[in-house]
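*Asks:* Structure of the sequence below:
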Amino acid sequence: MDFAAIFPFAPEFGYLGLTLISFFGSLIPFVPLPSFLLLATMSVGDQFDLHVIALISAFTATGAKIIVFSVSYEGRRIIGEKSRKRMRPFERLVKKYGAAAAFFAAATPMPDDLIYIPLGLARYNPKRFIIATLTGKIVLSYIIVFTSHYMGLSLVEPFLENVEDVSTIYIGIAVFAVMMTVVIILLLKLDWQRIMARFAPWTLDENNEDKD
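*Replies:* Residues are numbered from 1 along each chain as shown. Sure, this is the predicted structure:
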């Protein structure tokens, strides 16, 4: 399959198209793949400035993730006290390693909302979250841009060569998003007190609450 079939508007909309796809692709949980593919496509050749598209991708994706984080941050209020009590050990864990986890999630193509939503629910420090996420997104964007620019799309094309209908890609992305949403729901329902008692008993101590 030709990449033009996935992003037929890319040459015409250029930077604006990347801005919209990167923002909304990052805003909808677990569906960053279209923005990654578009960024890689635009990095090939000399039509677009590599630094501009890398920074557009990083800043728009970070802006979207701030919204996801903020919704999770405020959404904690609708979680029942029983669920919140079960999650407190997990909250202490993600707060302790929050910045490193946020950076790692942002700097890799993993489904980063698996990290950001729990960080929001744990009310992690927003400034630290933003700095770690933006730094990670910049790193990831530049890796995608320079790898695609100097190596072409040879790393991605083998995954699409047997795809005949573009709708198959979007259906697969939607199914993956649903699966990851189920994972988040399961995370909220796990008995984290029992789990952390075995692997991180210090998280059961009320004195380990993050003071910032």
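*Asks:* Quick check: the gap between residue 18 and residue 57.
*Replies:* When distances are taken as Cβ to Cβ, to the nearest Å, residue 18 and residue 57 turn out to be 7 Å apart. C-beta here means a position set from N, CA and C on the backbone, and glycine is covered the same way.
*Asks:* more crowded one of those two?
*Replies:* The neighbour comparison of residue 18 against residue 57 (other Cβ atoms under 10 Å) goes to residue 57, with 30 against 23.
*Asks:* quick revisit: between residue 18 and residue 57, which contacts overlap?
*Replies:* Each of 35, 39 lies in contact with both residue 18 and residue 57 under the rule Cβ atoms under 8 Å, 6 or more residues apart in numbering.
*Asks:* Of all the residues in the helix or strand in which residue 102 is found, which ones are buried?
*Replies:* Secondary-structure assignment from DSSP states H and E places residue 102 in helix 98-107. Judged by neighbour count using 16 or more other Cβ atoms under 10 Å, the buried positions of helix 98-107 are 98-99, 101-103, 105-107.
*Asks:* Could the C-alpha coordinates of stretch 99-114 be exported in PDB?
*Replies:* Listed next in PDB are the C-alpha coordinates belonging to stretch 99-114 (Å, rounded to 0.1, in the frame of the first residue of the first chain):
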ATOM      1  CA  ALA A  99       8.900  11.800  35.700                       C
ATOM      2  CA  ALA A 100      11.000   8.900  34.500                       C
ATOM      3  CA  ALA A 101       7.900   7.000  33.600                       C
ATOM      4  CA  ALA A 102       6.400  10.000  31.700                       C
ATOM      5  CA  PHE A 103       9.600  10.500  29.800                       C
ATOM      6  CA  PHE A 104      10.000   6.900  28.900                       C
ATOM      7  CA  ALA A 105       6.400   6.700  27.700                       C
ATOM      8  CA  ALA A 106       6.800   9.900  25.600                       C
ATOM      9  CA  ALA A 107      10.200   8.900  24.100                       C
ATOM     10  CA  THR A 108       9.000   5.500  22.900                       C
ATOM     11  CA  PRO A 109       6.200   4.400  20.600                       C
ATOM     12  CA  MET A 110       4.400   2.500  23.500                       C
ATOM     13  CA  PRO A 111       0.800   3.300  24.300                       C
ATOM     14  CA  ASP A 112       1.700   6.200  26.600                       C
ATOM     15  CA  ASP A 113      -1.800   6.700  28.000                       C
ATOM     16  CA  LEU A 114      -1.200   3.600  30.100                       C
END
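*Asks:* Give me the residues contacting that stretch.
*Replies:* Counting contacts by Cβ under 8 Å, 6+ apart, the residues outside stretch 99-114 that touch it are 29-30, 32, 36, 62, 65, 68, 94, 115-116, 119, 124, 128-129, 131-137, 139-140, 176, 180, 183-184.
*Asks:* out of those, which are buried?
*Replies:* With neighbours counted using 16+ other Cβ under 10 Å, those contain these buried positions: 29-30, 32, 36, 62, 65, 68, 94, 115-116, 119, 124, 128-129, 132-137, 139-140, 180, 184.
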